[in-house]
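[1] Build me a structure from this.
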Amino acid sequence: MLEAGLYLIPTQLSDVPIERVLPVHNIDVVCGIRYFVVESLRSARRFLKKCDRNIDIDALTFTELNEHSDLSDTAALEAMLEPIGCGESVGVISDAGCPAVADPGADLVAIAQRKGYKVFPLVGPSSILMSLMASGFNGQSFAFVGYLPVDAGARQKCLKEMTRRIEREHQTQIFIEAPYRNNQLIADLAQHMPQGMRLCVASDITGVNQSIITRTMAQWRQAQYNYHKVPTIFLMYQ
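    Numbering: from 1, shown residues only. Predicted coordinates for the structure are as follows:
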């Protein structure tokens, strides 16, 4: 029997055998939970079947929480946690990686904390931390800024602020882009950012085609690459 609480369940970042990235303890926890809050119902069901093909999916209760959810609807979020008050466990599953990090699950965790429920983060792959580990950049001071603004003016302002933090605070800057714009982002950064600044491009982390490369902007400007539609993390540092 699991202790009642909110369990944050990491998933795979890439399509590799599940035992390669998740400990056995996670599988045991998953098999003991009947209530799940998930980013995508289809992805969650597929993940659970990978954990244990004998799981009875139809006996489980799923609620979706994603970018389309109304995060201001506190009552709806609290309802997702009701089983905990009855002595049950609730599991949170993102589409990839660790829930509640760059993910709507954080709002659910905040409510669980306010209610005094126990929260259990499980071990698993985080693309943000794994890319930082392999970049060679400052791992003591860093910021994940999410997606860069699409608007050209707002993006330029954001990049200037990131450059300021790198130069004055020696802080690693970590960000992402829509996968189909990866190549264009690298080209734009290589052309407009200081040529001595370093950019790490970490793609398909934990996957069979994993690639984590750190170069100066000048080197990226001369390099050949193709990260089109590949899940990628970007990091900048001086």
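
[2] measure the most centrally placed residue in the chain to Leu8 for me?
    Among the residues of the chain, the one closest to the centroid is Gly97, at 4.9 Å (Cα atoms, centre = their mean). Plainly put, Gly97 is 11 Å away from Leu8 if you go by Cβ to Cβ, to the nearest Å. Yep, even glycine has a C-beta here, placed from its N, CA and C like the rest.

[3] and if you look at Tyr147?
    According to Cβ to Cβ, Tyr147 stands 22 Å off from Leu8.

[4] The two - which one has more neighbours?
    With other Cβ atoms under 10 Å as the criterion, Tyr147 and Leu8 differ in neighbour count, and Leu8 comes out ahead with 24 against 13.

[5] Would you double-check that the more buried one falls in a strand?
    Yes. Leu8 forms part of a strand when assessed by DSSP: H, G, I helix; E, B strand; the rest coil.

[6] Is it bridged to anything, and to what?
    Beta-bridge pairing of Leu8, defined through DSSP bridges, involves Val92, Pro121.

[7] if I pick it, what's in contact with it?
    For Leu8, the contacting residues are Gly91, Val92, Cys98, Pro99, Ala100, Gly105, Val109, Val119, Phe120, Pro121, Leu122, taking Cβ atoms under 8 Å, 6 or more residues apart in numbering as the criterion.

[8] ditto for Met1
    The neighbourhood of Met1, defined by Cβ under 8 Å, 6+ apart, consists of Gly32.

[9] neighbouring contacts of stretch 220-236?
    Stretch 220-236 has contacts (Cβ under 8 Å, 6+ apart) with 13-14, 96, 127-128, 131-132, 135, 137, 162, 166, 172-177, 179-180, 182-183, 185-186, 189-191, 193, 195, 197-205, 209, 215.

[10] all helices for the protein, in order.
    Shown for the chain, the helices assigned by DSSP state H span residues 24-31, 41-51, 74-80, 82-85, 105-115, 127-135, 152-169, 182-192, 217-222.

[11] tell me the phi and psi of the closest residue in space to Asn182 that isn't next to it in sequence?
    In space, Asn182 comes closest to Tyr227 once its chain neighbours are excluded; the distance is 4.0 Å by Cβ to Cβ, 6 or more residues apart in numbering. According to degrees, to the nearest 10, the main-chain angles of Tyr227 amount to phi -110, psi 20.

[12] How many residues are close by Tyr227?
    By other Cβ under 10 Å, 21 other residues sit near Tyr227.

[13] again, but for Asp15
    One way to gauge burial is a neighbour count; for Asp15, by other Cβ under 10 Å, it gives 11.

[14] separation between Cys98 and Gly196?
    Cys98 sits 33 Å away from Gly196 when distances are taken as Cβ to Cβ.

[15] okay, the two: which has more neighbours?
    Cys98 (24 against 9).

[16] Could you report the pLDDT at that one?
    At Cys98, the model reports a pLDDT of 93.

[17] before we move on, what about His68?
    According to the per-residue confidence, His68 scores 87 in pLDDT.

[18] Asp103 too?
    Among the per-residue scores, Asp103 shows a pLDDT of 80.

[19] these two touch, right, it and Ser40?
    No. Asp103 sits out of contact with Ser40 when judged by Cβ atoms under 8 Å, with a separation of 11.6 Å.

[20] if you count what's nearby, which of those two comes out ahead?
    Neighbour count, other Cβ under 10 Å: between Asp103 and Ser40, Asp103 has more, with 21 against 16.

[21] Against Trp220, how distant is Val119?
    40 Å.

[22] before we move on, what about Glu64?
    Using Cβ to Cβ, we find Glu64 at a distance of 38 Å from Trp220.

[23] Please apply the same query to Ala178.
    Separation of Ala178 from Trp220 (Cβ to Cβ): 19 Å.
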